[in-house]
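Turn this into a model:
(chains A and B)
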Amino acid sequence: MMASSYNAKEEDANHPGAANHAGAGVVKSKKPDNTAFKQQRLPAWQPILTAGTVLPAFFVIGLIFIPIGIGLYVTSNNIKEFEIDYTGANIDNPCYNCAKNFSWNSTAQCVCTVPFTLEQPFESNVFMYYGLSNFYQNHRRYVKSRDDSQLNGDRSALTSPSKECEPYRKGEGSPIAPCGAIANSLFNDTLQLYHIDSNGTFNEIPLVKKGIAWWTDKHVKFRNPGGNNNLTVAFQGTSKPVNWRKPVFELDPEDPENNGFINEDFIVWMRTAALPTFRKLYRIIQKKPSTTPTLPSGKYFLNVTYNYPVLSFDGRKRMILSTISWMGGKNPFLGIAYITVGSICFFLGVVLLIIHHKYDNRNNNADIPN
Amino acid sequence: MLRRRLNRWLGRDERRVDSRTICVGHRSSSNNEAFIPPKFCDNRIVSSKYTVWNFLPKNLFEQFRRIANFYFLIIFLVQVIVDTPTSPVTSGLPLFFVITVTAIKQGYEDWLRHKADNEVNKYPVTVLEQGRRIRKESEKIKVGDVLEVDEDETFPCDLILLQSSRDDDTCFVTTASLDGESNHKTHYTVPDTEKDLESLNATIECEHPQPDLYKFVGRMHIYKTDQEPAVRSLGPENLLLKGSTLKNTQTICGVAIYTGMETKMALNYQGKSQKRSAVEKSINAFLLVYLCILVSKALVCTTLKYVWQNKPGQDEPWYNEKTQREKDTNLYLKMFTDFLSFMVLFNFIIPVSMYVTVEMQKFLGSFFITWDKDFFDPEIKEGALVNTSDLNEELGQVEYVFTDKTGTLTQNNMEFIECCIDGFQYKYQDAGTDLDGFCVTDGPVNKVQHKAGREKEELFLRALCLCHTVQVKESPEQGQGQRDGLMDQVDGLGVDGLGADGEGLHPPPQEQRGFIASSPDEVALVKGAMRYGFTFLGFESKTMKILTRDNDVERYELLHVLNFDPVRRRMSVIVRSKSGDTLLFCKGADSSIFPRVRQEEVERIRMNVERNATEGYRTLCVAYKHLNAEEYAQADAGLREARLALQDREEKLMAVYNQVETGMSLIGATAVEDRLQEEAAETMEALQGAGMKVWVLTGDKMETAKSTCYACRLFQRNTELLELTVRTLEDGGRRREERLHELLVEYHKKAVQDAPAVKAGVTRTWSSANHDYGFIIDGATLSMVLNSSSESNSSRYKNLFLQICQNCTSVLCCRMAPLQKAQIVKMVKNSKGSPITLSIGDGANDVSMILEAHVGIGIKGKEGRQAVRNSDYAIPKLKHLKKLLLAHGHLYYVRIAHLVQYFFYKNLCFILPQFLYQFFCGYSQQPLYDAAYLTMYNICFTSMPILAYSLLEQHICMEVLLDNATLYRGIAKNGMLRWGPFFYWTLLGVFHGLLFFFGVRYLFGNPALQDNGQVFGNWSYGTIVFTVLVFTVTLKLALDTRHWTWINHFVIWGSLAFYVFFSFFWGGIIWPFLKQQRLYFVFANMLSSVSAWLVIILLILLSLLPEILLVVFRKPRGPHAGQLSQEGLLQTARLHLSHHLPIST
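Take a look at the predicted model:
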């Protein structure tokens, strides 16, 4: 790849013995040591980048990147993704009323139904995300407003949460569990998906809520205080976050393994998003054992229990259905980038080759008269 | 520092009072009842800066006076006080580390100083008080105390010598620890003081303490009960300086006049002003730019934040409410703290670690100079010495080299070559076939066998024997055997050669004779006379004994010595012979002797002198004069009077000297050879090839200096010499001023206006046929140029002169006084473009120019060690200068320049993504990277590779650098640290920063990056950017590295591996001391995502692509030598090696 020379400089062939004998004993000679390091003569590899060495590299990079890019692009294109906004900002949106009439105090739940059509069937596992826009989960005040030791099951942190949780630290005199702004603003819309088959009957599609959070988060980082038995007792003396409708130990009454701090929806929410427009994994639709697609094409509707207000800060809510490949969700960026970089490299390789060729000729001509 | 300034201020204040008065032995005279003894400081020497109590506050104060440290302190305080995005630890820890290390180092150094001070202050001394001898500690000495000092003791304070145990009222002193001159100097007691110190009632009036070691003016009033007070003059010959050692004398008594911090030694102790390198100035300029970037970034963010918050619902959405305290804070205060928070968030752009790394690079790097075995001189058994490591890189930037001639270009190993007596040439033959080895006249010029009269010969030789200040080293036979054994090392040259030359001619005892003198020519002359049969036997209480050719001992009473000084350029002695004749012998430079002798004698000798001078010998003319009784009495009176003067003593003495030294008759001239240093010519040629202008500044005469220049190939055969000396000025027969003007304009036209317009640095090589000019100027003309009568002319002349000089390949300035040397250096230093200057010299007369130049180099020569002590670097021989500049200097410059640029670059692309992230997180000062990454980036992940690079890099190997001096021009004028390269690096940093951030930003358009559909959060985002960052900046350095030793490999791959290892480790454990487990398994999860891998690889490659392209494209177009195809260079290196191989096998 590189024209290199292994340039081990040999030590000077002087006779240190003779020189030392002369001075030895009389005066301690201050003669510097003749070591390779001290004389800056360590053997060294001296690579040189020249057109000749870089050229093949460019071609190789081009030849590797372009196929990868094409592969990525095709993969990304094959991923099926469906996205629907159910914020209810416009009057024609079915959730308009729910959005408009939202109030924190109302006990009655507002439900709206959003119909949509899938043009293409979704094969294999389908992942259901909720997406929020203009929601600054990465705001500093927000990001730091949590107490990880409390979430890790630390009892002392449970009763006296970190100061970082302010102003969501104490409610009505007792400490809030889980404390902080992140926990307080847990996404609490309930989404249900129904398929309208050819007969016109509604089939609820089963949504799996296991495996949506990182394994390490679920099993190590987030722990319930005092083990998992009887969370009611464990959380005694704490109060629920201000904006929550039910306490943390009732998040998922059906599955004790998914309750309290180790509730996966909660864990997913607690991993703050990088950008103000983000999506989070909500449910997984397992593929069916039969050959029928997981979500056949056709009519569907989304049943939304509208609990989460976003219009106050001009936010948007979306529901996203997506299949997943080895590279993750649908994102053409990587494929395009790889193809571009690969092509640039290849193009540069060609340009370099021409220049190199010309320059070499010139060089040779110039060399002759010398 | 403060104290020093205070001292200086006080000192200046005190100087208004003309003098101080001291009562010897505190016995105030009866007629001076009202006299109140003034208070003088005690004899405590304080060189330490701190005490145990004030160490901490004072040291901290000193350290935080450095602008960078102060800046980091402010940042740290802001972090502590204001609620900032990063914890105070991130900047506090590195700062604490730096401060502690520096404090420990300075504390240790101060402890050493304390120890040394105590040793001096507690040293026991003997004080004579009321007839008793009292042992005291040195620090308790008061001004006026009479002290007794024994042989080989050092003087505890500045003393006036009152009494000596030697019968000739002298004592010998060596000032080796003061100015490094190891010869013995004679000091005299105050004349006519009583032998009984008990009854001595005297006061001393002397000037206030002054740092000049060689100047002292004072007066002693001796009160006797029944007489008028007698007045004796005191001069430097009566003053024994603290720090010098008594030699060859059993005891002396003296009265303390300056004590403690007022001694001349302490006044001289004030440290040298610190030199700053051009690189440091560049760093500061770049820092300023980065500071501007930092402030503007913070300002932009703060402004945008408040603009953004103005939109409804953005400032405080329901999910992210403010705390009560935040709500209560005043808006403007909030804005201000926001601004500070942004500053803190971005402050990593100016890293603490850069200062540490630069300091370390300089400190460690300077070891390579001391370690270099090529600098080892087997003769003196020493290598190079680095007195300051701050200027390493400056060695690669030198544009002007000012070199001394004697001892630097030449060996200062004087050998008497020939003499000319009365116009006849005498050349000594080593073979010694002639019986007395004299009387041989076989000069190559006048073949005719001539002989001057015997009388003249003997007069000349007597003059040589008498007219000097040489001392005879007492030989072992004369007792004191053990002590002289030590002194043998002091002077080797006196004895050498005598054994061989004088064999069989003189009785054995004289063969052992050694001479001690301040200048080697004097010894050469005395030895020369000895070869011809006249031996100087030494002093015997003001009597000089010489052994003549006929083995008679002649005695001459030494009446006066008219000392040598560089202005007069001659010295004289007045002696009285046995027969009662009073004779004045004078020797000196031809120009100063010829006008003072009868003109008819001059012509015969002038020819010889000029011939000798062109051969490169140092010539001296010898003259004598009979003084009749009347003349002598007049001279004697004049000299005594002038010596007593308290004010303007120098001027008065000079006037008397000039008056006495007139009307002499010339007897002859001597020629002393001073051989060129080894490889002087090659070195000079290499320096000129490297684009440096070499100026020779010498006190020697023009002809000699010119011939040395030719010998050193500074002037070539085809060099056209432009001469501007007193001789050329007097040619026209008109007024000097007019002629000067005319010549200057003419030369200017020739050298500057008619010169081809091509840039000298690019096309002209040292061997080219282009017209080379050499310029010669002498001291007298220089002072005319610099201090022209009219103000307007002066600056104009100076300009013309500078322009001419700058267009000449070499300039020779002869007949320079030390101060003029410094003046020239200063003038060039401050000229347009402020070129980097280097002065090299070996003697005390070069100190001023060594201190003045940007880089001062001392040669460990024969003229004492003063130059070495004041230099920045000291080398044993001139020839070492070539490697020091061309190899070491070049490499150091490239290393540090790259280090600085790289540091700014890597921190710019570190912080830029963080800045860009603010646009996506609501300007909330949310850091992109985890605190651990923020702290460790500069300390651990990226610091070691650049340090290793900056210590080991050899972009071109040393042999090639030495062989191709022109390569040095490639980096001239701070080439790698100018705004162009800086702009390039900044651009690169911005490009990388943008790429890192937006590359990952587009990837996160869909944060579901894992194949199980799970999403990544903000910390994953930061970690991906950070991973790309660490790899890119490290690989960028790897691309720049041209010299991969195993250390580079280890450090570069090691720190990447360390980063990966650390990230796993940091994210692998729930850390109990952390408030937030932000990075828990983030890194591992990132690596489980194929997309993350792909984006990391893509971004690293894309960032390095332009760099690779540039490397490839730059080479073919490289127009000048600095960018020779490196392949070619390596080939020459290989050739070089293969050349060596057959020889070594």
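
Name the nearest residue to B:His114, ignoring sequence neighbours.
B:Ser48 (4.7 Å; Cβ to Cβ, 6 or more residues apart in numbering or on different chains). All C-beta spots, glycine's among them, are computed from the backbone N, C-alpha and C.

and that neighbour, which of the three is it?
Three-state call for B:Ser48 (DSSP: H, G, I helix; E, B strand; the rest coil): coil.

Surely A:Tyr86 and A:Phe301 touch.
No. Counting by Cβ atoms under 8 Å, A:Phe301 is not a contact partner of A:Tyr86; they are 10.7 Å apart.

Now list whatever residues contact both of those two.
Residues touching both A:Tyr86 and A:Phe301 (Cβ atoms under 8 Å, 6 or more residues apart in numbering or on different chains): A:Val114.

Using just helix, strand and coil, how would you label residue 105?
Since no chain was named, I'll use chain A. coil.

not what I meant, chain B
Three-state assignment for B:Lys105 (three-state DSSP): helix.

Looking at A:Tyr86 and A:Phe301, which is more packed in?
Between A:Tyr86 and A:Phe301, counted using other Cβ atoms under 10 Å in any protein chain shown, the more crowded position is A:Tyr86 (24 against 18).

that older thread, pretty sure the residue nearest to B:His114 sits against B:Glu109.
No. The criterion here is Cβ under 8 Å, and B:Ser48 misses it with B:Glu109 at 9.2 Å.

The two: who's more crowded?
Neighbours per residue, other Cβ under 10 Å: of B:Ser48 and B:Glu109, the larger number sits with B:Ser48, 17 against 13.

Relative to B:Gln106, how far out is that one?
Distance of B:Ser48 to B:Gln106, given as Cβ to Cβ, to the nearest Å: 11 Å.

Chain neighbours aside, what residue packs nearest to residue 233?
No chain in the question, so chain A it is. In space, A:Val233 is closest to A:Gly226, 7.4 Å off (Cβ to Cβ, 6+ apart).

That was the other one, I meant chain B.
Nearest in space to B:Ser233, with sequence neighbours left out and distances taken as Cβ to Cβ, 6+ apart, is B:Leu644 at 3.7 Å.

Tell me who's in contact with the one you found.
B:Leu644 sits next to B:219, B:231-233 when contact means Cβ under 8 Å, 6+ apart.

Torsion angles phi and psi at it?
Per-residue torsions, B:Leu644: phi -80, psi -20 (degrees, to the nearest 10).

same check, this time on B:Ala202
Main-chain torsions, B:Ala202, degrees, to the nearest 10: phi -150, psi 160.

give me the beta-bridge partners of it?
Using DSSP bridges, the bridge partners assigned to B:Ala202 are B:Ile222.

Near chain A, which residues of the stretch 301-450 of chain B are found?
B:311-314, B:317-324, B:367-368, B:370-373, B:375-376, B:378, B:381-383 (Cβ under 8 Å from any Cβ of the partner chain).

now the stretch 151-300 of chain A, which segments are flagged as low pLDDT?
A:227-228 (pLDDT under 70).

In it, what residue spans correspond to strands?
Taking DSSP state E, counting those that start in this stretch as the test, the strands found in the stretch 151-300 of chain A are A:170-171, A:174-175, A:190-196, A:202-204, A:278-285, A:298-306.

Out of those, which is closest to chain B?
strand A:278-285 (5.6 Å; Cβ to the nearest Cβ).

helices or strands next to the closest one in the packing?
Strand A:278-285 makes packing contacts with strand A:126-133, strand A:190-196, helix A:264-270, strand A:316-323 when contacts are defined by 3 or more Cβ pairs under 8 Å, 6 or more residues apart in numbering or on different chains; DSSP states H and E.

Now the spatially most central residue of chain B. Nearest residue, chain neighbours left out?
With distances taken as Cα atoms, centre = their mean, B:Ser871 lies nearest the centre of chain B, 2.6 Å away. Nearest non-adjacent residue to B:Ser871, counting by Cβ to Cβ, 6+ apart: B:Gly858, 3.2 Å away.

swap in B:Phe920?
Per Cβ to Cβ, 6+ apart, closest to B:Phe920 is A:Leu275, 5.4 Å.

mean confidence for stretch A:113-123?
Here stretch A:113-123 scores 92 as its mean pLDDT.

quick one: terminal-to-terminal distance for it?
End-to-end distance for stretch A:113-123: 25 Å, by Cα to Cα, to the nearest Å.

Pull the distance from that stretch to the chain's centre.
How far stretch A:113-123 lies from its chain's middle: 26 Å, per Cα atoms, centre = their mean, to the nearest Å.

Let me know whether it sits next to chain B.
No. Shown here: stretch A:113-123 not in contact with chain B (Cβ under 8 Å from any Cβ), separated by at least 12.8 Å.

one step back: please report how far the residue nearest to B:Ser233 lies from B:Met1086.
For B:Leu644, the distance to B:Met1086 - Cβ to Cβ - is 91 Å.

cool, B:Cys292 as well?
Between B:Cys292 and B:Met1086 the distance is 35 Å, computed by Cβ to Cβ.

now do B:Glu522
Distance from B:Glu522 to B:Met1086, counting by Cβ to Cβ: 81 Å.

ditto for B:Thr186
Shown here: B:Thr186 relative to B:Met1086, a distance of 83 Å by Cβ to Cβ.

Likewise for A:Ala57?
The spacing between A:Ala57 and B:Met1086, counted by Cβ to Cβ, is 27 Å.
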